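In: any chance you could fold what I've pasted below:
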Amino acid sequence: MRAILTVVGKDTVGIMAKIASLCSTHNVNIVDINQTVMQDLFCMIMLCDIDKIKTDFNSFSDAAAELGEKDNLSIHVMHEDIFNSMHKI
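Out: Below is the predicted model:
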């Protein structure tokens, strides 16, 4: 199983480290990352393997959203099945 994690917000030092730490804490493996900084906006999409996740998926998603709120970022985690279904329509 995989998930898509997106991050958008003002570029600051340590965003990647915080996301990687969050994934590590939940035993989520980062498979692929595409990120860029457009002027002062940090934009990233990450493909994650959630086969060995330590908690349920919703807990991981909620933790990512809480991190985003704390750091003034928009962080969303979507299960790959939902992502694929949305893009078939």
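In: helix or strand for the closest residue in space to residue 34 that isn't next to it in sequence, which one?
Out: Nearest residue to residue 34 in three dimensions, chain neighbours excluded: residue 45, at 5.3 Å (CB to CB, 6 or more residues apart in numbering). (Glycine included, C-beta is placed from N, CA and C.) Assigned by DSSP states H and E, residue 45 belongs to strand 41-49.
In: quickly list what residue 33 is bridged to.
Out: residue 46 (DSSP bridges).
In: from what I see, it and residue 43 are in contact.
Out: No - Residue 33 is not in contact with residue 43 according to CB atoms under 8 Å; the separation is 11.4 Å.
In: how about the helices in the chain?
Out: 15-25, 57-70, 80-86 (DSSP state H).
In: of all those helices, which lies closest to residue 2?
Out: helix 80-86 (4.2 Å; CB to CB).
In: counting by contacts, list what the closest one packs against.
Out: Secondary-structure packing of helix 80-86 (3 or more CB pairs under 8 Å, 6 or more residues apart in numbering; DSSP states H and E): strand 2-10.
In: can I get the strand it packs on as CSV, trimmed to CA atoms?
Out: Coordinates of each C-alpha in strand 2-10 appear next as CSV, following Å, rounded to 0.1, in the frame of the first residue of the first chain:
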residue,chain,number,x,y,z
ARG,A,2,1.2,3.5,-0.8
ALA,A,3,0.2,7.0,0.1
ILE,A,4,0.7,10.4,-1.5
LEU,A,5,1.9,13.2,0.9
THR,A,6,1.9,16.8,-0.3
VAL,A,7,3.3,19.9,1.4
VAL,A,8,2.9,23.5,0.4
GLY,A,9,3.9,26.6,2.3
LYS,A,10,6.5,29.3,2.9
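In: in it, what's buried?
Out: 2, 3, 4, 5, 6, 7, 9 (16 or more other CB atoms under 10 Å).
In: let me know the closest of those to residue 23.
Out: residue 5 (7.9 Å).
In: need the helices of the chain in CSV with mean pLDDT, can you?
Out: Putting the helices of the chain into CSV (pLDDT from 0 to 100) gives the following:
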stretch, mean pLDDT
helix 15-25, 97
helix 57-70, 97
helix 80-86, 78
